[in-house]
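K.L.:
Here is a sequence together with a model predicted from it:
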There are 2 protein chains.
Amino acid sequence: MSCDTDSVAVLRRAEMKLTPQRLMVLSALRHAQGHLTAAEIFEQVRAAYPYVDISTIYRTLTALRTMRLVTETDMGSGDLAYEWVQERPHHHLICSGCHRVLELDHGYLERLGDDLARDLDFEADLHHFAIFGRCAACRPAAAPAASPGL
Amino acid sequence: MSCDTDSVAVLRRAEMKLTPQRLMVLSALRHAQGHLTAAEIFEQVRAAYPYVDISTIYRTLTALRTMRLVTETDMGSGDLAYEWVQERPHHHLICSGCHRVLELDHGYLERLGDDLARDLDFEADLHHFAIFGRCAACRPAAAPAASPGL
DNA sequence: GTTGGTGCAAATGATTTGCAAAAGG
DNA sequence: CCTTTTGCAAATCATTTGCACCAAC
């Protein structure tokens, strides 16, 4: 597929040296249909290239993040999740009950972003948002919002 | 003021033992006009009670968070920020340029929350949100959103 | 050849935990 | 008293860094 040749172009454009490690990190990110942690990328790359070090993964991710090719998001798991930047941003609804992750269309946050820009002159970075809460399935079982709780 | 007696009531209601350490953590949180890190709370408490340990601060914060009396938010500083839960939630706009923190009225996110509930049956936990971006002052100097960047 | 990138190993730093002593109810 | 909480010290665990070697360009 065109991903690998494309990744080469991506690195060239970014004036980064073209190393197999970086190509594999890029490949992992671009083939993932979602977010990956540094450890997950590490596993994937190591499967084909056993000598990579986790620090190389982090260094590559930092570089890619700096040039805004990947997003870094705290999904609440203790480590950070990385995702290749798509043309149309999308976001995640994370259920605190079942830990399921739902995708959220950018439209919802676009509205919020417009409000913030218009009213407060604040240009919000809404490329990749994680919103926690409760999905329909987990709502009745868990404490409803209005309850005083324990 | 009523904060201390009120804190006593808070702990009683929560069926937590009433220790000076906990009262001081509560006091720090309730008097702060914003968010505090665990380390900041630690400093404040230690000033009056030199033998407290940071682990006690964390344990107290965990307990308070479990009973939804404080919020825990990643403000992007590497550590987590804690804030006493107010009657009316408010949120933070964090400028990536000058690191200034602006308060955001709950109305903006209420709208989003309503949308998510109506359209997706997802009850978002919007008690305390941190939105990163660029304030008006930092915008012209930094890369505008529409630019292709590096 | 230079410069930047990598592997390795060790450091960092926030947060957590085991355990015995101390304090709350 | 009995249980929970605390202080201390040590452990975790993701992420970062110093450094010598190696590979792109």
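P.N.:
Now that the structure is in, tell me what you want to look at.
K.L.:
what residues does chain A put near DNA strand C?
P.N.:
A:16-17, A:19, A:21-22, A:49, A:51-53, A:55-56, A:59-60, A:63 (Cβ under 7 Å from any atom of the strand). All C-beta atoms are positioned from the backbone trio N, CA, C, and that covers glycine.
K.L.:
could you flag which of those are buried?
P.N.:
Buried subset of those (neighbour count, 16 or more other Cβ atoms under 10 Å in any protein chain shown): A:Q21, A:R22, A:V52, A:T56, A:T60, A:A63.
K.L.:
contacts for the helix or strand A:Q21 falls within?
P.N.:
Element membership for A:Q21, per DSSP states H and E: helix A:20-31. Residues from elsewhere that reach helix A:20-31 (Cβ atoms under 8 Å, 6 or more residues apart in numbering or on different chains): A:3-4, A:6-8, A:10-11, A:16, A:36, A:40-41, A:44-45, A:48-49, A:52, A:56-57, A:60-61, A:64, A:70, A:82-84.
K.L.:
Could you see whether DNA strand D lies near that helix?
P.N.:
Yes - if you take Cβ under 7 Å from any atom of the strand as the test, helix A:20-31 does meet DNA strand D, through A:P20.
K.L.:
I'd like the next helix or strand past that helix.
P.N.:
strand A:36-37.
K.L.:
what's the angle between the following helix or strand past that next one and helix A:20-31?
P.N.:
Heading C-terminal from strand A:36-37, the first helix or strand you meet, by DSSP H and E, is helix A:38-48. With axes from the mean of the first three to the mean of the last three Cα atoms, to 10 degrees as the basis, helix A:38-48 and helix A:20-31 are set at 120 degrees to each other.
K.L.:
Need the CA coordinates for the helix or strand containing A:D4. CSV is fine.
P.N.:
Using DSSP H and E, A:D4 maps to helix A:3-13. The C-alpha trace of helix A:3-13 is given here as CSV (Å, rounded to 0.1, in the frame of the first residue of the first chain):
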residue,chain,number,x,y,z
CYS,A,3,1.5,4.1,3.5
ASP,A,4,5.2,3.3,3.5
THR,A,5,6.1,5.4,0.6
ASP,A,6,3.9,8.1,2.1
SER,A,7,5.7,7.8,5.4
VAL,A,8,8.9,8.4,3.6
ALA,A,9,7.5,11.6,2.2
VAL,A,10,6.2,12.6,5.6
LEU,A,11,9.7,12.3,7.1
ARG,A,12,11.3,14.1,4.2
ARG,A,13,8.9,16.9,4.4
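K.L.:
who touches it?
P.N.:
A:K17, A:L18, A:R22, A:L23, A:L26, A:S27, A:R30, A:H31, A:L69.
K.L.:
For ChimeraX, what selects the buried ones among those?
P.N.:
Buried subset of these, written as a ChimeraX selection, criterion 16+ other Cβ under 10 Å:
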select /A:22,23,26,27,30,69
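K.L.:
Could I get the buried residue list for the helix or strand of chain A with the lowest mean pLDDT?
P.N.:
Taking mean pLDDT, DSSP states H and E as the measure, chain A has helix A:3-13 as its least confident helix or strand, at a mean of 84. For helix A:3-13, burial by neighbour count (16+ other Cβ under 10 Å) applies to A:S7, A:V10, A:L11.
K.L.:
for chain A, which helix is longest?
P.N.:
The longest helix of chain A (DSSP state H) is helix A:106-120.
K.L.:
And A:S77, which helix or strand is it part of?
P.N.:
Counting by DSSP H and E, A:S77 is found in no helix or strand.
K.L.:
where's A:E110 relative to B:A117, distance?
P.N.:
Using Cβ to Cβ, to the nearest Å, A:E110 is found at 18 Å from B:A117.
K.L.:
Who has more neighbours out of the two?
P.N.:
A direct count of neighbours by other Cβ atoms under 10 Å in any protein chain shown for A:E110 and B:A117 places B:A117 higher, at 15 against 12.
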